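**Q** Turn this into a model:
(6 chains)
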Number of protein chains: 4
Amino acid sequence: MTRKPQQSRSRATVDAIIQAGFLVVAREGLEGTTTRHIADAAGISVGSLYEYFANKEAIYDAMYEHIVRDIVGTIRPLIPKLVTMGERDAVVELLYQFRQLLMRDQGRYLHYASYAMHLAQREHLEPLKRMLHDLLTQYAMHHPRVLKIQSIPAMGYIIINGGIFAVIRHLSEPAPVINFETLVKGLGDMVHYCIEGALEEAGSGTD
Amino acid sequence: MTRKPQQSRSRATVDAIIQAGFLVVAREGLEGTTTRHIADAAGISVGSLYEYFANKEAIYDAMYEHIVRDIVGTIRPLIPKLVTMGERDAVVELLYQFRQLLMRDQGRYLHYASYAMHLAQREHLEPLKRMLHDLLTQYAMHHPRVLKIQSIPAMGYIIINGGIFAVIRHLSEPAPVINFETLVKGLGDMVHYCIEGALEEAGSGTD
Amino acid sequence: MTRKPQQSRSRATVDAIIQAGFLVVAREGLEGTTTRHIADAAGISVGSLYEYFANKEAIYDAMYEHIVRDIVGTIRPLIPKLVTMGERDAVVELLYQFRQLLMRDQGRYLHYASYAMHLAQREHLEPLKRMLHDLLTQYAMHHPRVLKIQSIPAMGYIIINGGIFAVIRHLSEPAPVINFETLVKGLGDMVHYCIEGALEEAGSGTD
Amino acid sequence: MTRKPQQSRSRATVDAIIQAGFLVVAREGLEGTTTRHIADAAGISVGSLYEYFANKEAIYDAMYEHIVRDIVGTIRPLIPKLVTMGERDAVVELLYQFRQLLMRDQGRYLHYASYAMHLAQREHLEPLKRMLHDLLTQYAMHHPRVLKIQSIPAMGYIIINGGIFAVIRHLSEPAPVINFETLVKGLGDMVHYCIEGALEEAGSGTD
DNA sequence: CATGAATGAGTATTCATTCAT
DNA sequence: AATGAATGAATACTCATTCAT
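**A** Next up is the predicted model:
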């Protein structure tokens, strides 16, 4: 169905389409996004669009993959530094980076991300999960006391899902009641308190 | 265009349409939902639908309003009891009630709720916000020590947004990695740790 | 999918669409026929077309059914008369009737018939086959000597398929080398010769 | 637009395209056949296709011409032999050869032939008609008694059109009610009976 | 000569909305 | 008030044809 053009020109076109996808979703919303919109925004014809993608869904998939790859590519290099930091600072650092990424190109990613949350193609999320797992594992190796915490799965689930959502929602709100700094600081504190609290309950707590 | 019908028959029809809306969204997804589907499910004609609602969007709005009203109507009566409980138990109780509500009628509300997050007509959320504010205020009056916590707004924002999202996401997942009990317990613990941690940091803490 | 409107108005619309189908296929050919063409010719909107037919294919099916019903409805009443005639006259009579039918409304049926030959939805052909079978059976009862012919299946297959095709092709030709009367007379003769020849070979031949 | 290439390479490419045409029509049907399919099957690019043919229609034309040329090229050499045979055997021999041709390369020609009947560019049929005329003429010269038959044109028309169609249809049917041998034998008999019958009617008949 | 990416008019089909009955 | 047939703009997707490289 889809031609697979392999020149660098093609790679550029594929990228253009993906970027156009983010642009149009940001401008028109997911329901308002049409293949023609995307083609126009990418500066190509509808026909060409279908040279590169089998259908609209495939574009959304590629966008999903792109955004995941971008997040992983941005955060992974930070892992060595993050693991040496205290949990508060690490969370703060992490979320600032996350915001910067979502707000790139006038918030182009942000809108798609807010829809993507329940499109959730699980396969595409794998690299992200792997990275988070690596981050946690290495963090634990540098801070062995956290290994005593029993409820890591539950808290991880909540912190990751809830935290990401809270940030996306905050960035999407036209007039949020708290500013981003406060939000991030709060999340850092929460993670810290949870670790401390969980450790205390588990018994003692020395670093 | 739209009459605002006061007669009980009309009110019943409006309700039927709204319930049909939840039913159809649950069955077909938001994209798969058509006015015809809704009219059929409501047992009326498309023509009649437009007698009661100006357009499809208006139905979604009404659904939003309805679900918010339902949540508030369910939770608000619990406030007196919740404020007497410890934070852990309160959170747990709250979230079980929330789940029960979302899962009513074979999860009719759940699907819409998962989409509603970014349909989000902010005005409609007001009653919910007010109720949560009341809950927190009255909780604080019964547990004055929490008033010492400075970062209440941030933590409130995170816990509420993140918690709601985490629960909705969890209920929507076909095979979640943790079970609901663990999730709820975890959220309760987190709130508890956060309060304890924040208080400890703020100085000392007598109840 | 398809509304099933049941008033007489609807039946009229369905007929209009089917007739429009024949008209457009005659004018534009099968490949040149679009749903818009048909809707226009039927004097309705595309949307309405799909109120009555699930898709384009369904229209072709209905046309097929219609033409078969029309043929059967025209020929079957003639059976009592045909069976009393000699084979030559019966064939001639049959084919004149067939031509008249195909040429109805400026040859509206003819074009579709020429395409329909290899679309051949077998189920729709059943009534036609049944009628031909009845015709042959009753003919044989009036002319018992033909029962002695062994190669009836083969000759039936050839005469029916070949004969129908020869007629359709002849009617479709802009400048046929022989005229219709000659063609029909020839077919009558052939059937006659075949019967006589086959009977002679089978042994004797008295009526 | 179209070059008329005389070089052998070009001739080979043209042939490849034509063969690809038959292949694709057989595989995908006429409606499912695209220029891209044909180009791929021919092992060339779409661009090259248009170097050799002005448009898709021109390819179909060439296919038509090719198949006619092929039939003529196969049958004409048989004429000397056929004219010495009895009409039954001649018909049988002719149709077996015809079948073999249609079934060549897994029935590559057959599908196109079944569509070609109403694509029917009449000019292309000329060589075929000429050959059939020659066959009949020479046959008559070897069997002078058939010259007495008056209705030769009509019967020729019917036998040829009807016979060809009956064979093509039979070969196309997934589960024909009679087998090919019976069909061919039947056609032979019919021709025989028609000749005998016509002669008898015309007066007497010595070979 | 060859390529294959680019084009865009054209196709079937859907669906929110209207309006005559 | 209720109906549901009618509408037609809009959508995703295709494919014959062109043309820069």
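**Q** So for the spatially most central residue of chain A, what's the pLDDT?
**A** Centroid-nearest residue in chain A, with CA atoms, centre = their mean: A:I71, separated by 5.3 Å. As summarised for this prediction, A:I71 has a pLDDT of 95.
**Q** what does A:S114 give?
**A** pLDDT, A:S114: 87.
**Q** That one and A:S172 touch, don't they?
**A** Yes: counting by CB atoms under 8 Å, A:S172 is a contact partner of A:S114 at 5.7 Å. Placement of C-beta: from N, CA and C, glycine included.
**Q** So for the two, which residue has more residues nearby?
**A** Per other CB atoms under 10 Å in any protein chain shown, whichever of A:S114 and A:S172 has more neighbours is A:S114, with 20 against 17.
**Q** What helix or strand is that one located in?
**A** Here A:S114, judged by DSSP states H and E, is contained in helix A:87-119.
**Q** likewise A:T182?
**A** Short version, using DSSP H and E: A:T182 is in helix A:180-202.
**Q** Show me what counts as buried in that helix.
**A** For helix A:180-202, the neighbour count (16 or more other CB atoms under 10 Å in any protein chain shown) marks A:182-199, A:201 as buried.
**Q** now the helix holding A:S114: how far from the chain's centre is it?
**A** Helix A:87-119 sits 6 Å away from the centroid of its parent chain (CA atoms, centre = their mean, to the nearest Å).
**Q** quick check: angle from it to helix B:87-119?
**A** Relative orientation of helix A:87-119 versus helix B:87-119 (axes from the mean of the first three to the mean of the last three CA atoms, to 10 degrees): 50 degrees.
**Q** So which elements touch helix A:87-119?
**A** helix A:8-28, helix A:56-75, helix A:79-82, helix A:152-172, helix A:180-202, helix B:87-119, helix B:152-172 (3 or more CB pairs under 8 Å, 6 or more residues apart in numbering or on different chains; DSSP states H and E).
**Q** hmm, try it at 6 Å
**A** helix A:8-28, helix A:56-75, helix A:152-172, helix A:180-202 (3 or more CB pairs under 6 Å, 6 or more residues apart in numbering or on different chains; DSSP states H and E).
**Q** A:L49: what's it in contact with?
**A** A:35, A:39 (CB atoms under 6 Å, 6 or more residues apart in numbering or on different chains).
**Q** sorry, that was for A:S172
**A** So A:S172 contacts A:S114 (CB under 6 Å, 6+ apart).
**Q** Which pLDDT value does the model give it?
**A** At A:S172, pLDDT is 89.
**Q** what do you get for the one 10 residues further on?
**A** pLDDT for A:T182: 95.
**Q** now do the one 4 residues further on
**A** Looking at A:G186, its pLDDT stands at 94.
**Q** same question, A:Q150
**A** 84.
**Q** ok, how many other residues are close to it?
**A** 11.
**Q** Repeat that for A:H142.
**A** Neighbour count for A:H142, taken as other CB under 10 Å: 12.
**Q** Give me the phi and psi for it.
**A** The phi/psi pair for A:H142 (degrees, to the nearest 10) reads phi -80, psi -20.
**Q** where are the low-confidence patches of chain A?
**A** For chain A, the stretches with pLDDT under 70 are A:1-9, A:118, A:120-122, A:204-207.
**Q** domains of it?
**A** Following automatic domain parsing, one finds the domains of chain A at A:1-54, A:63-202.
**Q** Please convert these to JSON lines, extending it with distance to B:V91.
**A** Shown next, in JSON lines, are the domains of chain A (distance: least, CB to CB, whole Å):
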{"stretch": "domain A:1-54", "distance to B:V91": "33"}
{"stretch": "domain A:63-202", "distance to B:V91": "11"}
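**Q** quick one: the nearest residue to A:F53 once chain neighbours are set aside from A:G73, how far?
**A** Leaving aside its sequence neighbours, A:F53 sits nearest to A:I59 (CB to CB, 6 or more residues apart in numbering or on different chains; 5.0 Å). Using CB to CB, to the nearest Å, one gets 20 Å for the distance from A:I59 to A:G73.
**Q** same question, A:M131
**A** 10 Å.
**Q** So those two - more neighbours on which side?
**A** Counted by other CB under 10 Å, A:M131 and A:G73 do not tie: A:M131 has more neighbours, with 17 against 12.
**Q** Which of the helices or strands spans the more buried one?
**A** helix A:122-142.
**Q** quick one: contacts of that helix?
**A** With CB under 6 Å, 6+ apart, helix A:122-142 has contacts from A:64-65, A:68, A:72, A:76, A:79, A:83, A:146-147.
**Q** related to what we said a few turns ago, for the helix holding A:T182, name the packing helices and strands.
**A** Against helix A:180-202 (3+ CB pairs under 6 Å, 6+ apart) you get helix A:87-119, helix A:152-172, helix B:152-172, helix B:180-202.
**Q** by how many degrees do that helix and helix A:152-172 diverge?
**A** Using the same axes, to 10 degrees: helix A:180-202 against helix A:152-172 is 170 degrees.
**Q** Give me the residues contacting helix A:180-202.
**A** Counting by CB under 6 Å, 6+ apart, A:87-88, A:91-92, A:95, A:146, A:148-149, A:155, A:163, A:170, A:205, B:151, B:154-155, B:158, B:190, B:193-194, B:196-197 sit against helix A:180-202.
**Q** pull the CA atoms of that helix into CSV?
**A** Extracted in CSV, the C-alpha atoms of helix A:180-202 (Å, rounded to 0.1, in the frame of the first residue of the first chain):
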residue,chain,number,x,y,z
PHE,A,180,4.2,25.6,37.6
GLU,A,181,7.0,26.1,40.1
THR,A,182,4.6,25.5,43.0
LEU,A,183,3.2,22.4,41.3
VAL,A,184,6.6,20.9,40.6
LYS,A,185,7.9,21.8,44.1
GLY,A,186,4.8,20.1,45.5
LEU,A,187,5.3,16.9,43.5
GLY,A,188,8.9,16.8,44.7
ASP,A,189,7.8,17.2,48.3
MET,A,190,5.2,14.6,47.9
VAL,A,191,7.7,12.0,46.6
HIS,A,192,10.0,12.9,49.3
TYR,A,193,7.4,12.6,52.1
CYS,A,194,6.2,9.3,50.6
ILE,A,195,9.6,7.9,50.7
GLU,A,196,10.3,9.1,54.2
GLY,A,197,6.9,8.0,55.4
ALA,A,198,7.0,4.6,53.8
LEU,A,199,10.5,4.0,55.2
GLU,A,200,9.6,5.0,58.7
GLU,A,201,6.6,2.7,58.6
ALA,A,202,8.8,-0.1,57.2
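**Q** Count residues in the vicinity of A:G43, would you?
**A** The burial count for A:G43: 11, using other CB under 10 Å.
**Q** And for it, nearest residue in space, chain neighbours not counted?
**A** A:A16 (6.8 Å).
**Q** Within its local environment, how many residues does the one you found see?
**A** Residues near A:A16, counting by other CB under 10 Å, number 17.
**Q** Surely it and A:A42 touch.
**A** Yes: look at A:A16 against A:A42 with CB atoms under 6 Å: they come within range, at 4.5 Å.
**Q** how much space between the residue of chain A found nearest DNA strand E and A:F53?
**A** Proximity of chain A to DNA strand E (CB to the nearest atom of the strand) peaks at A:G47, 1.7 Å away. To A:F53, A:G47 is 12 Å away according to CB to CB.
**Q** neighbour-wise, which of the two wins?
**A** For A:G47 versus A:F53, neighbours defined as other CB under 10 Å are more numerous around A:F53 (22 against 8).
**Q** Over to the more buried one: give its phi and psi.
**A** phi -130, psi 140.
**Q** Angles on the backbone of A:E31, please.
**A** A:E31 adopts backbone torsions of phi -70, psi -30, taken as degrees, to the nearest 10.
**Q** show me the contacts for it.
**A** Contact partners of A:E31, counting by CB under 6 Å, 6+ apart, are absent.
**Q** That one and chain C: what is the separation?
**A** A:E31 is 21 Å from chain C, where distance means CB to the nearest CB, to the nearest Å.
**Q** ok, stretch A:61-78 near DNA strand F or not?
**A** No: if you take CB under 7 Å from any atom of the strand as the test, stretch A:61-78 misses DNA strand F, and the best it gets is 11.9 Å.
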